[in-house]
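1. show me the folded form of this:
(one chain, ligands or ions: 1)
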Amino acid sequence: MGTDDMLIDNSRNQEQLDLNYLKLYYGKLFPHADMFKWLAYGHDGKHPGCDQSYVGRREFSFTLDSDIYIRFQSFYSSSDMEKAIKEKCPVKIDIGPVYSVDPAKRLAYGQGGDNAFTPVERELIFDIDISDYDDVRYCCSGADVCSDCWPLMTVAIKVIDFTLRDDFGFDHILWVYSGRRGVHCWVCDGKARRLNNEQRSAISDYIRVYKGSENSQKKVSLVGQALHPFLSRSYTEVLRSFFEDKLLCTQNLFLNEERYEKILEMIPDECFNIVAVTSELRGKWMDNKRSKDDINTTRWGHLKHSLQSSKQKAQGLRRCVEEIVFAFTYPRLDMEVSKHMNHLLKAPFCIHPKTGRVCVPIDPNRCEEFDPAAVPTLSQLLGELNAAGLTTEGEDEFDRTSLGEAIRYFRSSFLFPLLKSCKEEIEAAYNTEIQQSKNSMSW
Ligand SMILES: [Zn+2]
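-> Numbering: from 1, shown residues only. The predicted structure is shown next:
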């Protein structure tokens, strides 16, 4: 394969990652100090309650261009971290947990015992990937994504963000575009970081409705139970309107026999009159009369009418409408990522090596506006930097590129409120400790 083939790749949006470009990006644009501030969670301050060892116990791992993978690195200062990133120029930076001891020195500590090397803190994380939706999208498959299927990610952000804030009371949540085909979520509240694996599993199970199974067409099961308030709210506030107003038509879910049969198969066959219901519907849909109305909307209307009509006393059939909507729209989580503290997750602001796009934060309150195709690429940013000329004093380089908006959002909506609450938490814990030691001395 000659270089010409590579150029063709470039034109198809598959930017080949150029290490010289990446070096410039780490040198001029990557927000090293902000990233370090975030991961220090206030412990880099001067307050006597700060745990100076905290940030140095965090695992960073680098994937180098040569496919060499360096795990268990740790940094005690922002400049240490910055220096290592600039020197090694990793094509990917992953963030792991905070361990009981400095991960770089883990071998010095044996297994077991009080000083055992074990994860003690980790953000609660979620990983959602559009390739897990291949059975419900007809526009793309695999790693491909377009403006017709991306809204499935938007819906996932809305549903999960809502429950994390409302049902679990978390405040410091960062959503990040993974650079190609999905989104990552970092829940950074102190009480989220200190969850053990069991508690993480419990939260993931709470959120999970979709139980993926290779053989079964029906991927959710809500029948026979009252809808949990969280699910019921997700349905009425997000999923139903998304399904009916958008997905139904953009994916042409009822376009042909193959597609509508897939939906008819979701009707539970334990219902005594399923044969009557489905054959009536098939009858209506067989003659493909042209109509000015959208065929998908019309057929969905028929199906809803049949299942929800007063004749259908069986709860199962009525619930089935909701089940179909859930099967097509409900967030699909990579459960393993959320359940274990020691799972690594790609750092925000990395460059995706295949697309060249920056892993920028996504504002959950404006996630409908997020367009993955509009996310700046590495070469675009460097072009903007070139065009902007020299910086004036006090101006950050990133402010003169389209990365500026992403970094300003990261700071104002996530980092600053987070650090404020970390400071309060550290002070409160310190005061409690002082009080306790005073009390014990007065015995
Ligand atoms: Zn698509």
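
2. biggest helix in this protein, by residue count?
-> In terms of residue count, the longest helix belonging to the chain (DSSP state H) is helix 416-441.

3. can you list the buried residues in that one?
-> By neighbour count on 16 or more other Cβ atoms under 10 Å, the buried set for helix 416-441 is 418, 419, 421, 422, 423, 425, 426, 427. (C-beta placed from N, C-alpha, C; glycine too.)

4. same deal with stretch 57-71?
-> Buried positions in stretch 57-71, judged by neighbour count with 16+ other Cβ under 10 Å: 57, 58, 59, 60, 61, 62, 63.

5. just the residues you listed now: which is nearest the ion?
-> Relative to the ion, the closest of the buried residues of stretch 57-71 is residue 63; by Cβ to the ion it sits at 27.7 Å.

6. so the closest one sits right up against residue 89, yeah?
-> No - if you go by Cβ atoms under 8 Å, residue 63 and residue 89 don't touch, sitting 10.8 Å apart.

7. low-confidence stretches in the stretch 251-400 of the chain?
-> For the stretch 251-400 of the chain, the stretches with pLDDT under 70 are 269-272, 288-290, 310-316.

8. count of neighbours near the residue in it that the ion sits nearest to?
-> At 8.5 Å from the ion, residue 251 is the closest residue in the stretch 251-400 of the chain, using Cβ to the ion. Applying other Cβ atoms under 10 Å, we find 20 other residues in the vicinity of residue 251.

9. excluding its backbone neighbours, what's nearest it?
-> residue 138 (5.2 Å; Cβ to Cβ, 6 or more residues apart in numbering).

10. for whatever helix or strand residue 323 lives in, packing partners?
-> Residue 323 belongs to helix 315-329 when assigned by DSSP states H and E. If you count contacts as 3 or more Cβ pairs under 8 Å, 6 or more residues apart in numbering; DSSP states H and E, helix 315-329 packs onto helix 295-308.

11. now the helix it packs on against helix 315-329, angle please.
-> Interaxial angle of helix 295-308 relative to helix 315-329 (axes from the mean of the first three to the mean of the last three Cα atoms, to 10 degrees): 150 degrees.

12. helices and strands around helix 295-308, which ones?
-> Applying 3+ Cβ pairs under 8 Å, 6+ apart, we find helix 295-308 packed against helix 248-250, helix 274-286, helix 315-329.

13. show me how far the strand or helix carrying residue 386 is from its chain's centre.
-> Element membership for residue 386 (DSSP H and E) is helix 378-388. Centroid separation for helix 378-388 versus its chain: 28 Å, with Cα atoms, centre = their mean, to the nearest Å.

14. buried stuff in that helix?
-> 378, 379, 380, 381, 382, 384, 385.

15. I'd like the average pLDDT over the top strand by length along the chain.
-> Ranked by number of residues, the top strand in the chain under DSSP state E is strand 92-99. For strand 92-99, mean pLDDT rounds to 97.

16. strand partners (parallel or antiparallel) of that strand?
-> strand 58-63 (antiparallel), strand 119-121 (antiparallel), strand 345-346 (antiparallel) (DSSP bridges).

17. select, out of the ones you listed, the one closest to residue 36.
-> Ranking these by proximity to residue 36 (Cβ to Cβ) places strand 58-63 first, at 9.8 Å.

18. could you export the closest one as PDB, CA atoms only?
-> This file holds the C-alpha atoms of strand 58-63, laid out as PDB (Å, rounded to 0.1, in the frame of the first residue of the first chain):
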ATOM      1  CA  ARG A  58      -3.400   7.400  40.900                       C
ATOM      2  CA  GLU A  59      -2.600   5.100  38.000                       C
ATOM      3  CA  PHE A  60      -2.000   6.600  34.600                       C
ATOM      4  CA  SER A  61      -1.300   4.400  31.700                       C
ATOM      5  CA  PHE A  62       0.100   5.400  28.300                       C
ATOM      6  CA  THR A  63      -0.300   3.600  24.900                       C
END
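
19. next one: that strand to chain centre, how far?
-> Relative to its chain's centre, strand 58-63 lies at 19 Å (Cα atoms, centre = their mean).

20. next one: stretch 121-129
-> Centroid displacement of stretch 121-129 relative to its chain, using Cα atoms, centre = their mean, is 7 Å.

21. kindly report the same for stretch 232-252.
-> Offset of stretch 232-252 from its chain centre (Cα atoms, centre = their mean): 20 Å.

22. in it, what's buried?
-> Of all the residues in stretch 232-252, those buried under the rule 16+ other Cβ under 10 Å are 233-235, 238-240, 242-244, 246-252.

23. and of those residues, the nearest to residue 333?
-> residue 234 (13.7 Å).

24. name the nearest residue to residue 44, sequence neighbours excluded.
-> Excluding the flanking residues, the one nearest residue 44 by Cβ to Cβ, 6+ apart is residue 55, at 6.2 Å.

25. one more: residue 307?
-> residue 317 (4.9 Å).

26. what do you get for residue 59?
-> For residue 59, the spatially nearest residue (Cβ to Cβ, 6+ apart) is residue 96, at 3.2 Å.

27. separation between the residue nearest to residue 44 and residue 76?
-> Counting by Cβ to Cβ, to the nearest Å, the gap between residue 55 and residue 76 amounts to 7 Å.

28. so which of these two has more stuff around it?
-> Using other Cβ under 10 Å, the more surrounded residue of residue 55 and residue 76 is residue 55, with 24 against 16.

29. just checking: what are the partner strands of the host helix or strand of residue 176?
-> According to DSSP H and E, residue 176 maps onto strand 173-177. Note on strand 173-177: by DSSP bridges, its sheet partners are strand 182-187 (antiparallel), strand 361-362 (antiparallel).

30. which other residues reach it?
-> By Cβ atoms under 8 Å, 6 or more residues apart in numbering, the surrounding residues in contact with strand 173-177 are 157, 161, 164-165, 183-188, 348, 357, 359-364, 367, 370, 372, 375, 410, 414.
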